[in-house]
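Student: Structure here, sequence nowhere to be found:
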């Protein structure tokens, strides 16, 4: 699959997840065969005004390619300026978030709120496209509510405005992350545009992704929460059934975190990620408590090394 002139390794993409898709986790997913990774959602205002925390989130390495930066905002001019800055940061693609349902984002007119203002959404897409030579994609939802499923029309607008692909999270804003993704909406979007369509929602294993592609005709799938604690989702076959078989990947995640993250500031995040690998295992509650009590990332690894012993 290509997005514009950019070829992807395969059709399974890691979604942007605030608080999770930092560089360490993205690199791990690339090693586990994700075809592309996407940054956490980047504030266009934070980028334009040089906020240190925002700039840190742009960090990548050559091993991550292809890499996508996702921007969000509600001002076409600021989004255009952010596109200029992001383009200089070793990214291969720019994505525009028009699907985030979080209230503090929507309240400011960003994320999924833009699905209610298609004219402003179009101006934002055109501004980003005009300020980068990279392919631009747009991620959005089925619609605002079940009564306003506008994804096909929104996708057609995005294509006309210059987007090279669209990603559809097949839930409405009102659903947030509840209920089931409606694959029929992805199918309808695919019929409405000629650019590639990426389906998103309820991909919990590799077979789920294959099924979505077959059922909807979409060109690729984007895996979000299904990848947390389960980067094996990017490979054929089930999640390893034992802790011993999961340990090499867990410890590799910690190794990448040690190399690429501020492990003191982000220790809570690293503990959270590590605990997610234990889902469904016997003795998980006790091990989670041990990990939660660890004062450093080294202490976490020492506990896991003992188990691996």
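Tutor: Received it, and whenever you're ready, just let me know what you need. Every value quoted in this text rests on a predicted model; they were computed, and no experiment measured them.

Student: what residues are up against residue 110?
Tutor: Residue 110 is in contact with 72-74, 97, 100, counting by C-beta atoms under 8 Å, 6 or more residues apart in numbering. Just so you know, the C-beta spots here come from the backbone N, C-alpha and C atoms, and that holds for glycine as well.

Student: repeat for residue 130
Tutor: Taking C-beta under 8 Å, 6+ apart as the contact definition, residue 130 lies against residue 80.

Student: Relative to residue 269, how far out is it?
Tutor: Residue 130 sits at a distance of 36 Å from residue 269 (criterion: C-beta to C-beta, to the nearest Å).

Student: Give me the local confidence score for residue 35.
Tutor: Model confidence at residue 35, given as pLDDT, is 97.

Student: Spatially, which residue comes closest to it, not counting chain neighbours?
Tutor: Leaving aside its sequence neighbours, residue 35 sits nearest to residue 10 (C-beta to C-beta, 6 or more residues apart in numbering; 3.9 Å).

Student: Make sure the one you found is indeed in a helix.
Tutor: No: going by DSSP: H, G, I helix; E, B strand; the rest coil, the assignment for residue 10 is coil, not a helix.

Student: helices or strands up against the lengthiest helix in the chain?
Tutor: Using DSSP state H, we find that the single longest helix of the chain is helix 243-260. Using 3 or more C-beta pairs under 8 Å, 6 or more residues apart in numbering; DSSP states H and E, the elements in contact with helix 243-260 are helix 23-31, helix 267-276, helix 297-308.

Student: Who are the packing partners of the second one?
Tutor: Under the contact criterion of 3+ C-beta pairs under 8 Å, 6+ apart, the helices and strands touching helix 267-276 comprise helix 243-260, helix 284-292, helix 297-308.

Student: closest one to residue 49 among those helices?
Tutor: helix 243-260 (24.8 Å; C-beta to C-beta).

Student: Can you tell me what sits against the closest one?
Tutor: For helix 243-260, contacts defined as C-beta under 8 Å, 6+ apart pick out 22-25, 27-28, 31-32, 59, 61, 231-232, 239-240, 263, 266, 270, 273-274, 277-278, 281, 287, 297, 300-301, 304-305, 307-308.

Student: how many degrees apart are that helix and helix 297-308 in direction?
Tutor: 160 degrees (axes from the mean of the first three to the mean of the last three C-alpha atoms, to 10 degrees).

Student: I'd like the distance from helix 243-260 to the chain centre, please.
Tutor: Computed by C-alpha atoms, centre = their mean, to the nearest Å, the chain-centroid distance of helix 243-260 equals 20 Å.

Student: now do stretch 85-103
Tutor: Taking C-alpha atoms, centre = their mean, the mean C-alpha location of stretch 85-103 is offset from the chain mean by 10 Å.

Student: Show the average pLDDT along it.
Tutor: 95.

Student: cool, and stretch 201-220?
Tutor: Mean predicted confidence for stretch 201-220 is 97.

Student: nearest to residue 145, of the helices and strands packed on helix 243-260?
Tutor: Nearest to residue 145, of all those, is helix 267-276, at 31.0 Å by C-beta to C-beta.

Student: Could you list the residues in contact with the closest one?
Tutor: Applying C-beta under 8 Å, 6+ apart, the external contacts of helix 267-276 come out as 19-20, 22, 25, 228-230, 250, 253-254, 257, 261, 263, 288, 291-292, 294, 296-297, 300.
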